[in-house]
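J.: Here is my input; please provide its structure:
(one chain, ligands or ions: 2)
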Amino acid sequence: MGQAIAQAIAAAGEDLSGGIDRDGDLGSLAAHSDLLIDFSTPAALEANLDAAVDAGIPIVIGTTGLEERHHWLIDSAAQQIPVLQTGNTSLGVTLLAHLVREAASRLGEDWDIEIVETHHRMKVDAPSGTALLLGEAAARGREVGLADTAVRGRDGITGKRESGTIGFAALRGGTVAGDHTVHFLGEGERLSFSHLAENRTIFARGAVKAAQWLQHKHAGRYTMPEVLDL
Ligand SMILES: NC(=O)C1=CN([C@@H]2O[C@H](COP(=O)(O)OP(=O)(O)OC[C@H]3O[C@@H](n4cnc5c(N)ncnc54)[C@H](OP(=O)(O)O)[C@@H]3O)[C@@H](O)[C@H]2O)C=CC1
Ligand SMILES: O=C(O)C1=N[C@H](C(=O)O)C[C@H](O)C1
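T.: Numbering: from 1, shown residues only. Ligands and ions are numbered 1, 2, ... in the order given. Okay, the predicted model is just below:
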């Protein structure tokens, strides 16, 4: 993603002040930058947030595999700087989440929800950040919490499907950029919504768009639907 984002920054006519890996000097990069874009690992999040807060600059976070404690750190940083965190920066997935929330709200719990995602063999987290984001959208549509309803794989589970749950399944292999399908499974009919990423440019372009939008905002936590006015 670092390479894709560097290309997207150039394509958008913006200046790249620098990039770092795990051995880089984040403090000095942040000090001479207007904004940070973080697509790395959850283990790096706290240091990245601290660097953005110390430099007083906004941060866009695309890293996935985040846990509850990471979201507390993000909320805390957002009291001092503008922060946008999302599991998917593409226009298509941002709209898909909106449609999934609406469908879940209208169809109700008689329709079972299952989310299936496929990614390249190098991906380290499962389910994907996007699958969880779509699960959150479905849970919001039903006015329930995702933590209380998610079933992450069914290995070892015996018995019938529990009503009201939201299931997740992850496939890994090859070079797939990222496919997500949300299935609504009803009595005698099925409705499925899919987003298929054909390349990583879509994520990079969205991240740069989010950065441009975030740059002049006040401190707070912002979302992709706000960026894209959806
Ligand atoms: N929100 C979205 O739309 C998208 C999110 N993603 C997410 O972005 C993240 C990165 O994905 P991807 O580029 O494929 O992963 P890669 O593993 O290819 O790249 C991760 C990069 O992070 C660097 N890194 C690791 N630890 C640190 C650290 N402590 N400080 C600074 N940099 C560090 C790595 O450096 P080194 O080489 O030194 O290890 C590497 O360059 C993943 O969480 C992925 O799920 C991906 C696509 C879209
Ligand atoms: O790791 C990836 O490649 C991707 N990660 C994000 C996710 O976890 O959903 C976004 C996209 O699907 C690609």
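
J.: The host helix or strand of Ala147 - what's its average pLDDT?
T.: Using DSSP states H and E, Ala147 maps to helix 146-149. Per-region confidence: helix 146-149 scores 96 on mean pLDDT.

J.: Any part of the following helix or strand past that helix near ligand 2?
T.: The first helix or strand that comes after helix 146-149 along the chain, using DSSP H and E, is strand 150-152. No: judged by CB under 6 Å from any ligand atom, strand 150-152 stays clear of ligand 2, getting no closer than 13.8 Å. The C-beta positions use only the backbone N, C-alpha and C, and glycine is treated the same way.

J.: helices or strands up against strand 150-152?
T.: Counting contacts by 3 or more CB pairs under 8 Å, 6 or more residues apart in numbering; DSSP states H and E, strand 150-152 packs against strand 166-172.

J.: Can you give the distance from the strand it packs on to the centre of its chain?
T.: 16 Å (CA atoms, centre = their mean, to the nearest Å).

J.: next helix or strand past that strand?
T.: strand 179-185.

J.: now that following strand: mean pLDDT?
T.: pLDDT averaged over strand 179-185 gives 98.

J.: ok, now stretch 209-222?
T.: Stretch 209-222 comes out at a mean pLDDT of 97.

J.: Need the contact partners of it.
T.: The contact list for stretch 209-222 (CB atoms under 8 Å, 6 or more residues apart in numbering) reads 12, 14, 34-35, 37, 58, 60, 74-75, 78-86, 89, 224, 226-228.

J.: related to what we said a few turns ago, what residues of the helix holding Ala147 count as buried?
T.: Leu146, Thr149 (16 or more other CB atoms under 10 Å).

J.: and what of stretch 169-176?
T.: Ala169, Ala170, Val176.

J.: Show me what whichever strand or helix holds Ala131 is in contact with.
T.: Assigned by DSSP H and E, Ala131 belongs to helix 129-142. For helix 129-142, the surrounding residues in contact (CB under 8 Å, 6+ apart) are 64-66, 86-88, 93, 96-98, 100-106, 108-109, 113, 115, 117, 127, 145-146, 149-150, 164, 166, 168, 170, 178, 180, 182, 195.

J.: Show me which of the buried residues of stretch 169-176 is closest to Leu191.
T.: Among those, Ala169 lies closest to Leu191 (CB to CB), at 17.5 Å.

J.: got the residues of this structure near ligand 1?
T.: Residues of the chain lying near ligand 1 (CB under 6 Å from any ligand atom): 1-2, 20-22, 39-41, 43-44, 62-65, 86-89, 125, 129, 203.

J.: Which helix runs longest in this structure?
T.: helix 91-107 (DSSP state H).

J.: His41 reaches Gly65, doesn't it?
T.: One thing to correct before we go on: residue 41 is Thr, not His. Yes: counting by CB atoms under 8 Å, Thr41 touches Gly65, with 7.3 Å between them.

J.: Need the nearest residue in space to the spatially most central residue of the chain, chain neighbours excluded.
T.: For the chain, the residue sitting closest to the mean C-alpha position, by CA atoms, centre = their mean, is Gly87 at 0.6 Å. Excluding its sequence neighbours, the residue lying closest to Gly87 (CB to CB, 6 or more residues apart in numbering) is Gly129, at 2.6 Å.

J.: And for Glu14?
T.: In space, Glu14 is closest to Val208, 6.8 Å off (CB to CB, 6+ apart).

J.: and that neighbour, how many neighbours?
T.: 24 (other CB atoms under 10 Å).
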